[in-house]
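Visitor: just to be clear, the model below is a prediction. Sequence and coordinates:
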Amino acid sequence: MIDFLTKMPKAELHLHIEGSLEPELMFALAQRNNIPLPYASLDDVRRAYQFENLQDFLDIYYASAAVLITEQDFYDLTWAYLEKCAEQNVVHSEIFFDPQTHTQRGISFKTVINGISRALADGKTQLGISSLLIMCFLRHLSAEEAMQTLVEAGPYIGQLAGVGLDSSELGHPPEKFSQVFAMASEMGLPAVAHAGEEGPAEYIWNALKLLKVKRIDHGVRCVDDPELVAVLRDNHIPLTVCPLSNTKLKVFEQMSQHNILELLDKGLNVTVNSDDPAYFGGYVNENFVALYQGLAMTQAQAVKLAQNSFNASFLENEEKQALL
Ligand code: ES4
Ligand code: ZN
């Protein structure tokens, strides 16, 4: 089964590129750029990566991003992720990046996007991996700052496939960003948003109604509202679910309690994704293996989840066919 899961072609739709920064690369970049780290060893890092909730994780995740300075750093980060994709037969990836994490500390938008984009272009030619880039706004920052970021992205709009919304969910509901998402839509960018990870089903409703999102990232709390589940199902709104992330951040105490297969049974278009693989214990394949080991996922369910990942992608139909 594990061999089957590895070989099965998959798409990933929920991956924060900053969350793919492995401790080894973090140490190497810290040294290259002369940035102090709060860790003396890899063991120290492992001890630090024990989270009680989303905010515990985010504090460490933003601090670690401080080692990313040059365009080459963003290239190296992205390339390392693409090499993992190649190993795991992830043939298409829709990648989030958080420009504000970097512009806030004086790194230019151009440095960030050029480094990531150059690696993605090489990923296509050298590894045969197709990819799209989704720019996320940090919801703990203001709507004005998100709007400024969207304006800054203007010259690079051809390199973007959409916009997203991430970071601390509770207290930062979708409606805070209604204007920003309306502007993005006018610019021709489709939207996704994290909703219903720690936040209530109401945030999923408002992401749909007010932000007009095409997909919900996480969305596992939709089960609290049967009417919402019906709307998600009838409108074929995909959920990009991240099983290892959810157990590491205690959205579910244990994998055996995760509701992804229940959502699949209800007819929802759910997909399996890694979120922040360097922090949560693995890439897409490790997530599939965890569902097999923790939830007794069958081969047929795995195939369905992988098919969903292509169907839920922003690829055109002909592009999807070419990958299958
Ligand atoms: C994130 Cl797991 C998660 N949730 C919300 N925002 C994020 N950014 C990176 N990982
Ligand atoms: Zn996420």
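Guide: On my side now, so go ahead. Ligands and ions are numbered 1, 2, ... in the order given.
Visitor: and the stretch 101-250 of the chain, which of its residues are near ligand 1?
Guide: For the stretch 101-250 of the chain, the contact set with ligand 1 under CB under 6 Å from any ligand atom comprises 166, 167, 194, 197, 245. (Each C-beta comes from the backbone N, C-alpha and C, glycine too.)
Visitor: just among those residues, which is most surrounded?
Guide: The member of these that has the most neighbours, counting by other CB atoms under 10 Å, is residue 194 with 30 neighbours.
Visitor: give the bridge partners for the closest residue to that residue other than its chain neighbours, please.
Guide: Closest residue in space to residue 194, ignoring its immediate chain neighbours: residue 217 at 4.3 Å, by CB to CB, 6 or more residues apart in numbering. Residues found in beta-bridge contact with residue 217 (criterion: DSSP bridges) are residue 194, residue 240.
Visitor: contact partners for residue 217?
Guide: 14, 164, 166, 192, 193, 194, 195, 197, 239, 240 (CB atoms under 8 Å, 6 or more residues apart in numbering).
Visitor: may I ask which two of those are separated the most?
Guide: Across the contacts of residue 217, the longest distance by CB to CB is 15.1 Å; it joins 166 and 239.
Visitor: how about TSV for the contacts of residue 217, with distance to residue 179 and pLDDT added?
Guide: Shown next, in TSV, are these (distance: CB to CB, whole Å; pLDDT from 0 to 100):
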residue	distance to residue 179	pLDDT
14	25	99
164	16	99
166	18	98
192	17	99
193	14	99
194	19	98
195	18	98
197	23	97
239	25	98
240	24	99
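Visitor: quick check, the residue in the stretch 51-200 of the chain closest to ligand 1?
Guide: residue 166 (3.5 Å; CB to the nearest ligand atom).
Visitor: dig out what that residue forms beta bridges with.
Guide: residue 138.
Visitor: pull up the distance across stretch 202-222, start to finish.
Guide: Counting by CA to CA, to the nearest Å, you get 9 Å between the two ends of stretch 202-222.
Visitor: mind listing what's buried in it?
Guide: Neighbour-count burial for stretch 202-222, counted by 16 or more other CB atoms under 10 Å, picks out 202-208, 210-211, 213-222.
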